[in-house]
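Asker: with the input below, show me the fold.
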Amino acid sequence: MVSRRTLLQAGGAALAVGGLGISLPGRAGAAEAGAAPLLPSFGRPTRLDVADVSSLGGDDQLLLTTLQGVVNRRRPRLYFNFDTGDVDFRWLPGTGASVTRHDNALDLVARYRGEARGAILHDPDVPDSVNVATTLAGLENAVAATAEQAREHRLKTVVDLRGRFDADDVLATYRWQLDHLFPRCAHTLLAGLPPTRTVRTEGVRWREIARETERVRDASNREVRTFDLSEELSGGDGVYLRFQDSLGDDGWGASVGSVKVTADGDQVLASFAPGTPAEAPYLFDGSNSSIGANANRFCDGGGSFVYRFTPPAGTRQLAVEVDLWNQFLVSATTTAPTRVEPFPYFRDYAVASRAMVVWLPPSGETGTLLDEIFSRVRPTTPYAGWFSNDVAGEWGGVDRASQHGIEVVPADFYMNGTVHAGVPAKISDRVPPRPKASLRNRVYLTLTVGEGDNIQYCQRRMRNIWDDPKRGRVPVNWTVSPLLADIGPALLAYYQKTATDNDLLIAGPSGAGYTYPGSWPESALDAYTELTGRFLRRTGMDLVYAYNPRNAAGDGWIPFEERVARSYRENTPLRGVIQSWETGDLQIRPAGMPVIGNFFPQGKAAEYRDGLVRHIEGWDGTAPLFIAGAINAWSWTPSDIAELGGLLGDPFEVVRGDTFFDLVNQAGRSAPSSAAASRP
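Answerer: The predicted structure is shown next:
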């Protein structure tokens, strides 16, 4: 256990609560909703020292991003490129700043060392100390570093966290931080960042063991398969067994229900079900996978998970029995495929904002502590970052935050936020004119690209696919975060200025930050919709793609109720809501606001078209039919959308979302979004 007294005295620097006289960023209350920003900025960048850090390890990137937070808090002057691609460099000209490029990013430590008090030394044996060090870096105007880095760069030790925390007691680490550091932090922003990341080792050679080549999404190929891993007994520090998605474009990757490992036919080395304590000693890397409702571990798209087994010396035969199904790709190697290092991203913004940084799984005791943290800030305080455990963590974390009146800003991979927040840009508040359309007995389809609540997606993936030359050939709704008006105004202005007549920007879930409005306390809901209304009017958006809590069975979403729709109707300019409802069978009008569920066919263009055709088999053509179609932002591009548009003939008509809802209202009734009966 940590000695609180010792930690308070660590490094010869007293950490007395409230001793820095911090100037907090503005906070928007009801009376000042039109003036103060929700997310802080740190001034206009006029001159930037720029360097590529993509080849550096996590320790060096952590040092540089925390330095960036200290330096840029006073005036934005540091900008880094993190990707082996060029997306960070593509945004650089839009800052309007003069640029000095540096070949060696670490040279900038010496250049700016005088602006930092020194280093907060994190403990390499305690991953979560990286987050405590980041919080302290913001409070102490210091950088987060290893002891070796501090010596190399001649940084004075401000606080030494080595040996202060127990790696197995995450709860105690963050409890200490809440009790002793949170009172000094800015209470206008919370940050949720993973303390570490998993990085792939270059040059690893994998042997393919098994592959499902057919599209299987219903577990119809589920069986216990036995894999012979005897070839992997020849060397290395163990046997690594990796599970992936064999197709990767439709979200139905490898799913594992149990694993049993035997040596030489009869010696059981391991036997476990995923998600249980028995799995933990063998799960080498599960960071890109999830635990499903059936006690299975699965991964989709580019995700994977890896088990490591260490057979006894002299083992001649190694076999693994796996309960396996869906679209799997299984491979093996004897080389450790990944390494763990500090997670450096978004820490410049957390440091500059003096935010408290946590990483608490939103369940069990850590979820209870997360509840306590949420309860200590005012409603509509942003939680910027993300949650652990992938999809389950998303649902549980966003729901917990919503219950406390906290909106989530997915931002854990948002780079150079301290620069982008201060770039001046003219954001249009003009609602685009709606293309006119005459109501006919057609199937009206509006296509929506998701993920726009995710500001890192808006910065990175969206920019890549937006630049596809085939964008604009088909009407598309692009979800974006209206909060970019605060934290990335030039990014939002770029999308506004370069949109074609077929591109419509709409708000991502569920307005001013990702949230489940149905989980908000009655007393706080209007504060969120008022905040949303302010940002929608500021950005010229009048449609939203929204989520709501999951139902009790966990297999669908709860439709908007009257109180939620009424709050949106009274406080925002919304003309309609597309709600995540993957079967597309939701079509309601609570409080007079049209709400339609998303329909999500699987696969790329031809398969998607076939799914739409099947979806309208019960339609008799005597009345218009309305379908809101979801587009997977991670696997589709505008070229794919253009291909789909070319495949859709009569009776389909693809329209922008504003035209779509205008036609819905023209129809004068709640138009079913599928051939199935409407929900009440």
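
Asker: got the phi and psi for residue 629?
Answerer: phi -100, psi 130 (degrees, to the nearest 10).

Asker: show me the contacts for it.
Answerer: Residue 629 is in contact with 445-448, 584, 598-601, 608, 612, counting by CB atoms under 8 Å, 6 or more residues apart in numbering. Bear in mind the C-beta positions are built from the backbone N, C-alpha and C, glycine included.

Asker: what's the answer for residue 133, then?
Answerer: Contacts for residue 133 (CB under 8 Å, 6+ apart) come out as 66, 120-122, 144, 159, 161.

Asker: one more: residue 228?
Answerer: Shown in contact with residue 228 (CB under 8 Å, 6+ apart): 317-319.

Asker: low-confidence ranges, this protein, go.
Answerer: The model of the chain has pLDDT under 70 over residues 1-35, 669-680.

Asker: if we go to 80?
Answerer: Low-confidence segments of the chain (pLDDT under 80): 1-36, 84-85, 235-236, 250, 389-392, 553-555, 668-680.

Asker: nearest residue to the middle of it?
Answerer: Closest to where the C-alpha atoms of the chain average out (CA atoms, centre = their mean) is residue 410, at 4.6 Å.

Asker: unless I'm mixing things up, that residue is touching residue 382, no?
Answerer: No: counting by CB atoms under 8 Å, residue 410 sits too far from residue 382 to count as a contact (10.7 Å).

Asker: what about the contacts of residue 133, which are in helices?
Answerer: Among those, the ones falling in helices (DSSP state H) are residue 66.

Asker: return the member of the contacts of residue 133 nearest to residue 572.
Answerer: Lowest distance from residue 572 to the contacts of residue 133 (CB to CB) belongs to residue 66, with 37.6 Å.

Asker: go ahead and confirm that closest one touches residue 348.
Answerer: Yes: Residue 66 is within contact range of residue 348, at 7.2 Å (criterion: CB under 8 Å).

Asker: what ranges do the helices span in the stretch 301-450 of the chain?
Answerer: Applying DSSP state H, counting those that start in this stretch to the stretch 301-450 of the chain gives helices spanning 347-353, 364-375, 390-403, 417-420.

Asker: I'd like these laid out as TSV, including mean neighbour count and distance to residue 263.
Answerer: Below are those laid out as TSV (neighbours: other CB atoms under 10 Å; distance: least, CB to CB, whole Å):
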stretch	mean neighbour count	distance to residue 263
helix 347-353	30	44
helix 364-375	16	35
helix 390-403	21	32
helix 417-420	30	50
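
Asker: how about those helices in a markdown table, adding distance to residue 131?
Answerer: Shown next, in a markdown table, are these (distance: least, CB to CB, whole Å):
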| stretch | distance to residue 131 |
| --- | --- |
| helix 347-353 | 9 |
| helix 364-375 | 13 |
| helix 390-403 | 16 |
| helix 417-420 | 17 |
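
Asker: residue 567 is nearest to which of the ones you listed?
Answerer: The closest of the helices of the stretch 301-450 of the chain to residue 567 is helix 390-403. By CB to CB, the value is 13.4 Å.

Asker: which helices and strands sit right next to that closest one?
Answerer: Applying 3 or more CB pairs under 8 Å, 6 or more residues apart in numbering; DSSP states H and E, one finds that helix 390-403 makes contact with strand 290-291, helix 364-375, strand 408-410.

Asker: redo those as TSV? Include distance to residue 624.
Answerer: Output for the helices and strands packed on helix 390-403, formatted as TSV (distance: least, CB to CB, whole Å):
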stretch	distance to residue 624
strand 290-291	39
helix 364-375	44
strand 408-410	36
